[in-house]
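Student: I need the structure of the sequence given here:
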Amino acid sequence: MPAHAPASDPASDIDPLSRERAHLTASRAALRAMRADVEALDIRDVTANWVNAIVLQAQIDDRIKALADLAHTPLFFGRLNYLHAPGAELAEGAEGEQFYIGRRHVHDADGDPMVIDWRAPVSQPFYRASKTDPQDIALRRRFGYTGGELTAYEDEHLSDPAEAAAVSKLLQQEIERPRVGPMRDIVATIQPEQDEIVRSGLSGSVCVQGGPGTGKTAVGLHRVAYLLYAHRDRLARTGTLVIGPNRSFLQYIEQVLPALGELEVKQATVDDLVAQGGLEVRGTDPAETAVVKGDARMAQVLRRALESHVTQPTEALMVVRGSRRWRVPSYELAEMVQELQDRDIRYGAARDALPQRIAHAVLVRMEQAGEAPDDRVQDAVARNPAVKAAVKEIWPPVEPAKLVLRLLSDPDFLALHAQDVLTADEQKLLLWPKPPRTVKSAKWSAADLVLIDEATDLVERTHSLGHVVLDEAQDLSPMQYRAVGRRCTTGSATVLGDLAQGTTPWATRSWDEALTHLGKPQAVLEELTAGFRVPREVIAYASRLLPSISPGLAPVSSVRETPGSLRISRTAEAADLTAAVVSACRESLAREGSIGLIAADARIPVLADALREAGLPYLSPGEETTAQARLTLVPASLAKGLEYDYVVLDEPAAIVDGEPDERTGLRRLYVCLTRAVSGLTALHSAPLPTALA
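Tutor: As a prediction, the model looks like this:
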């Protein structure tokens, strides 16, 4: 039953489920045949040299990986029956076409499609069509799977006025299905408001404000997959990048894009982006120092410090070639320097251009003297020792790390270039108590490397990608936004975050401000307020914190009703708390799905010992859960972006107290409270924060 064949009336099918299973079997066989065809390719007859052979073989290997048949991943999850051919203005009397919607395109031996990629235009009504707007869809069929086996289907007759709209039980079951292992794709459950963001164009940037459980991370990843489908050639040249808050988060999401057949998307943290020249983070900054280093004003200080290295020439330049001497006066050299400064190009590019400017002035004099120099003569003059010496004097080379080292070590140098930009107190916060002697010996902090990255871009332009996804963006400083923005100056961005979950002292105050620092002030702001993962009882409890942590932000409205999903329990004595937490973990393990034990960072060693003594094995964040190991011990500082079916939350007050101020502590607690997708058990001995009472 090819995907484009005329649709039969499901009511007349003798055994619809058997027919659908047969189509699944045939589609899997077709996918295996597609992969076998690629594996059988002989590149020896089509490559001219060994370089081309290596490139082509790499492309073939990637294609083979992309065509892998994942046994426990449904090849298709839905079917659309059109009233008439998609794109036709009127039905022509014949029955419409039907299409199976899946994670990737599959065709038979004749090239006829058996499964249509979810990103294709013809698949869009699967996500957007409704009873009020059927979009020419007669029937939408959803499939239910158990362990990769097709076990159920559910039909919606969208164009039948006699059938009332109803909530899809299969859709709800898929959303609520317990999860073991890393984050999975949501292609079967994308909602209309999510689909609009996913399918927005490549040329524009999008910022998604979404509370816990609204699917913003999944939307961002599926947007990358869609853009790679719609603009593959362009993005293959320019590249794509997903930026996450930490390595644990990236490990959690790393399987989503490969499951959709996309293998070329790179993943990194902001720290990964700015690490260069063998420098690494070896130190930490006090919060007040990190705030100043992350302030956008530091860009102006760095620019001033860099430009101060350029000096105005005071002496004429004498260039000797053979028996002739050519003189370039100081005022002419000064004009060249001023012209390059006025162009506002990168420091290094201007420095490279200066010797050519000088050489051109010498060639003009040669021509005036009756000579006929060519381009080779100009290049030779530009390499003349006298010219090179003059350029080094006027426009010396600058190493970005040394520039930052001097700013943070030399109070006079900092004061000169921070004048009227930073206050005297802010300057004191920046200075090292004991300045290091060399770049290599310095204990650079994460904020320092961002400063070095900014300085590096002032010297030489940073390579820009075609599209960047920035997740958990609310925690970035203005200087970190600038670092990310440099990676997509000629491309677009998808920015994902939740202002209520900002847990750094420099957390984003508004998306308008953040997007300006990113260099994307015209980005479209979208807000997701419908929650699909966190139970209504849990999100309502966590939302009590919103007036204190993010006034004016709309709370998430969860569609999941799970009675009994929230349990708050207090132990009489602090000494009893650890035992109660271990007992709650044991109870949670009796249920299906993953379990996260989340606690203040300072409590992790105590709880780790208690779990070991109780014989409960546990994982660290980022390690993949399996059927045998489903419990993860999570420091509160690493909980952001992670999800577990059941969460045991240890001592909420300790999580708040572990942060430098109450507002940041309450935001951290808000994050921890909203990691559960089926049930939350919060245990405490100290009084709960007032905002939760």
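Student: contacts only, for Val634.
Tutor: By CB atoms under 8 Å, 6 or more residues apart in numbering, Val634 lies in contact with Gly596, Leu597, Ile598, Ala599, Pro621, Leu642, Arg675. For glycine as for every other residue, the C-beta is placed from the backbone atoms N, C-alpha and C.
Student: can you tell me the strand partners of the helix or strand hosting the second one and which way each runs?
Tutor: Read it as Leu597. Secondary structure assigned from DSSP states H and E places Leu597 in strand 595-599. Its sheet considered, strand 595-599 pairs with strand 631-635 (parallel), strand 644-650 (parallel) by DSSP bridges.
Student: re the thing from before, quick one: which of the contacts of Val634 has the most company?
Tutor: Among the contacts of Val634, Ile598 has the most neighbours (other CB atoms under 10 Å), with 31 neighbours.
Student: give the bridge partners for it, please.
Tutor: Beta-bridge partners, per DSSP bridges, of Ile598: Val634, Leu649.
Student: just checking, it touches Asp650?
Tutor: Yes. Counting by CB atoms under 8 Å, Ile598 does reach Asp650; the two are 6.9 Å apart.
Student: still on that earlier bit, export the strands paired with strand 595-599 to CSV and tack on mean pLDDT and distance to Gly210?
Tutor: Converted to CSV, these look like this (pLDDT from 0 to 100; distance: least, CB to CB, whole Å):
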stretch, mean pLDDT, distance to Gly210
strand 631-635, 97, 21
strand 644-650, 96, 19
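Student: among those strands, which is the most enclosed?
Tutor: The highest mean neighbour count among those, using mean count of other CB atoms under 10 Å, belongs to strand 644-650: a mean of 27.
Student: name the residues that touch that one?
Tutor: 178-179, 577, 581, 584-585, 588, 591-600, 603, 607, 632, 672-673, 675-683.
Student: same thing but 6 Å
Tutor: Here strand 644-650 makes contact (CB atoms under 6 Å, 6 or more residues apart in numbering) with 178, 581, 584-585, 588, 593-599, 603, 672, 675-682.
Student: take the residues you listed and keep only those in helices.
Tutor: Val581, Ala584, Cys585, Ser588, Cys672 (DSSP state H).
Student: and of the residues you listed, the nearest to Tyr226?
Tutor: Cys672 (31.8 Å; CB to CB).
Student: make sure Ala636 is actually in contact with Ile655.
Tutor: Yes. Here Ala636 reaches Ile655: they are 4.8 Å apart, a contact under CB atoms under 6 Å.
Student: can you list residues touching both of the two?
Tutor: Residues within reach of Ala636 and of Ile655 at once, by CB under 6 Å, 6+ apart, are Ala600, Arg668, Cys672.
Student: closest one of those residues to Glu307?
Tutor: Nearest member of those to Glu307, counting by CB to CB, is Arg668, at 40.7 Å.
Student: ok, the closest one - contacts?
Tutor: Thr503, Ala636, Ile655, Glu659.
Student: now do it against Tyr541, distance only.
Tutor: 16 Å (CB to CB, to the nearest Å).
Student: cool, and Leu566?
Tutor: Counting by CB to CB, the gap from Leu566 to Tyr541 is 6 Å.
Student: and if you look at Pro435?
Tutor: Distance from Pro435 to Tyr541, by CB to CB: 50 Å.
Student: so between these two, which is more surrounded?
Tutor: Counting neighbours by other CB under 10 Å for Pro435 and for Tyr541 shows that Tyr541 has the greater number, 18 against 13.
Student: low-confidence regions, this protein specifically.
Tutor: For the chain, the stretches with pLDDT under 70 are 1-14, 44-48, 85-95, 179-182.
Student: tell me which residue lies farthest from the centre of it.
Tutor: Within the chain, Ser323 marks the point farthest from the mean C-alpha position, 62.4 Å out by CA atoms, centre = their mean.
Student: what values do phi and psi take at that residue?
Tutor: phi -100, psi 0 (degrees, to the nearest 10).
Student: state the distance from it to Tyr153.
Tutor: 93 Å.
Student: check Leu414 too.
Tutor: Leu414 is 69 Å from Tyr153, by CB to CB.
Student: more neighbours, the two?
Tutor: Leu414 (20 against 16).
Student: test my guess that the more buried one contacts Leu405.
Tutor: No. With contact taken as CB under 6 Å, Leu414 and Leu405 are classed as non-touching, separated by 11.3 Å.
Student: can I assume Met318 sits in a strand?
Tutor: Yes. Membership of Met318 in a strand is supported by DSSP: H, G, I helix; E, B strand; the rest coil.
Student: so which residues make contact with the lengthiest helix in the chain?
Tutor: Longest helix of the chain, by residue count under DSSP H: helix 16-39. For helix 16-39, contacts defined as CB under 6 Å, 6+ apart pick out Met1, Pro10, Arg63, Ile64, Leu67, Asp69, Leu75, Val106, Asp108, Met114, Val115, Leu150.
Student: show me the contacts for the third one.
Tutor: With contacts defined as CB under 6 Å, 6+ apart, the neighbours of Arg63 are Val38.
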